[in-house]
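[1] Using only what follows, build the 3D model:
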Amino acid sequence: MKIAVTYDNGEVFQHFGHTEQFKIYEIENDKIINEEIINSNGTGHGLLGELLISKGVDTLICGGLGSGARNILEDNNIKVYPGVVGNSDKVIEDFINNKLEYDENKKCDHHEHEHEHNCENHDCSKDKGGCSGNK
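    Have a look, this model is predicted:
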């Protein structure tokens with residue numbers, strides 16, 4: 001089994017589409033037999049799925065992710081565990097011991113995310129309907 005965790009400085013990174021690194025764990029018989037950190041090399045949203053597929057990943061643990069990315073992953077038989085926070089090594093330990101806390105419904109997309117929203121990064125100006133109350 002190969003598990004990818006969105007990764008930033010030892011923690012689960014909270015936005016799949018913006019992750020700069022993944023920590024990939026290879027698990028056999030409930031033991032970590034290999035781990036490596038890979039860079040996404042600036043690859044965005046949809047192409048991140050292709051990167052994980054090319055690495056043979058079958059499970060993703062992350063903070064939030066949008067439905068498009070989730071569909072790509074699940075269509076390629078990658079099981080997704082969203083809504084995870086904390087230290088990546090501890091998260092993997094919890095996963096192995098069937099104690100992983102995650103939120104199956106956690107989403108992160110253009111207007112439905114729970115982190116800070118900055119309208120300067122895209123075109124959601126008031127004359128186009130605004131940001132519907134996002135901060």
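[2] looking at it, P82 is touching E104, isn't it?
    Yes: the pair P82 / E104 is scored as a contact, 7.0 Å apart, by C-beta atoms under 8 Å. For every residue, glycine as well, the C-beta is placed using N, CA and C.
[3] got any ranges where the chain has weak pLDDT?
    In the prediction, the chain carries residues with pLDDT under 70 at positions 42-46, 107-135.
[4] quick revisit: okay, P82 and E104: which has more neighbours?
    Neighbour count, other C-beta atoms under 10 Å: between P82 and E104, P82 has more, with 21 against 8.
[5] What are the boundaries of the strands in the protein?
    Taking DSSP state E as the criterion, the chain carries its strands at 2-8, 11-12, 21-28, 31-39, 59-61, 79-81.
[6] I'd like to know how far the residue nearest to E26 when sequence neighbours are not counted sits from G63.
    Nearest in space to E26, with sequence neighbours left out and distances taken as C-beta to C-beta, 6 or more residues apart in numbering, is N34 at 4.1 Å. Taking C-beta to C-beta, to the nearest Å as the measure, N34 falls 24 Å from G63.
[7] Cool, thanks, talk later.
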